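>>> have a look at this prediction, sequence included:
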Amino acid sequence: MDIKGQWALVTGATGGLGANLAENLAARGCNLVLSARRRDALQRLAQQLRERHGVEVLVEPCDLSAPEAASDLHNRLILQGISIDVLVNNAGFGIHGDFVYQCVDATAEMLRVNVQSLTMLSRLFGSDMAHRGSGAILLVGSLTAYTPCPSYAAYAASKAYVVHLGEALHHELASAGVTVTVLSPGIMDTGFLETSGHAPSALLRATMLTPARVAEIGVTALMKGKRSVVAGRMNQVTAFSARLLPRGLLLRAMTRFLANAR
C-alpha cells in the first residue's frame, strides 16, 4: 500500500502515541490532518512535521468527548475538499481505580471518546472510503482488551469493544477495498499513566515499549493489511495466555499486575 501524497487523519495527535503515528505516516510521505483538543500543541507538531518531512499538514482542533464532535469534524473536512484516505482512530484515555469510586462524569466522557466517537468516525470516513473503493483505518485498542481488568474495568471493556469492532470491520469492508487494522499496545511511557492515575509496578514497567516502536508496528501492520496486531512479544504472550488460563486465576493475576506500585 502506497500512501505517499494521500491524506491521513490522526486523532489524539498530540499524545505520545498519536504524535509518533503522525510522524511515522509523514515519514512515508503522507499528508496529515492532525486533531486533538489543544490548538497550540497541534500547531507546534504540524510545523515540526512540515519541516522534517515536507508534507502538507492541517490542524483541526476537536474535543471527541462532545456528542456531535465526530460528525462536525467530518463535515469540516468535506467543506475544505479533503478526502481522508487513512483514518487513525487513536484518541482515547483510561481511568484507573475501583469502578464505583471513579468520577461518573469522567467515566461517561471516557466512553464517549473511546467508543462513541471512534465508532462514528469509522462509520463516516469508512463510508467515504467504501464509496471510493479504497482506504485504510487503524483503530488503537489495548492489551487490556484481551482480559477483564480489575481497576481498569470500564476502560478495558471499552477497548474490548474496539478490538471486536475493528476485526469485524476488517472482514466486512474488505470487499469494498478498505483495510481495517486494530493495534493493541501494552503500557507505554506516555501521558496515559498520569491521566489515568496509575503508578505501575516495576514488573509492568518492564513490558514497556516506546511510542515510536509501537507506532512503527501499527503502521506497518496497516500497510500489510493485517486484521490485528499486539505490539511486543511479551504482550503477545500475555494476550495469548488470556485465552488459556482459568478466568478466576486470570482475574487474580490482573488485580496484582495492575495495582499501583507501593
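That came in fine, so what should we check first? Source: prediction; values computed, not measured.
>>> now for Leu58, how many residues are close by?
When neighbours are defined as other Cβ atoms under 10 Å, Leu58 has 17 of them. (C-beta placed from N, C-alpha, C; glycine too.)
>>> excluding chain neighbours, what is closest to it?
In space, and not counting its chain neighbours, Leu58 is closest to Val33: 4.8 Å by Cβ to Cβ, 6 or more residues apart in numbering.
>>> so that neighbour is in which element?
Assigned by DSSP states H and E, Val33 falls within strand 31-35.
>>> that strand packs against which elements?
For strand 31-35, the elements it packs on are strand 7-11, helix 16-27, helix 39-53, strand 57-59, judged by 3 or more Cβ pairs under 8 Å, 6 or more residues apart in numbering; DSSP states H and E.
>>> so that strand versus strand 7-11, what angle?
For strand 31-35 against strand 7-11, the angle by axes from the mean of the first three to the mean of the last three Cα atoms, to 10 degrees is 20 degrees.
>>> contacting residues around the residue nearest to Leu58?
Trp7, Ala8, Leu9, Val10, Val57, Leu58, Val59, Glu60, Leu77, Ile82, Ile84 (Cβ atoms under 8 Å, 6 or more residues apart in numbering).
>>> ok, so of those residues, who is nearest Asp98?
Proximity of these to Asp98 (Cβ to Cβ) peaks at Val10, which lies at 33.1 Å.
>>> neighbours of that closest one, how many?
So Val10, with other Cβ under 10 Å, has 30 neighbours.
>>> next: Thr190.
Residues lying near Thr190 (other Cβ under 10 Å) number 19.
>>> quick one: which of the contacts of Val33 is most hemmed in?
Within the contacts of Val33, most neighbours by other Cβ under 10 Å means Val10, with 30 neighbours.
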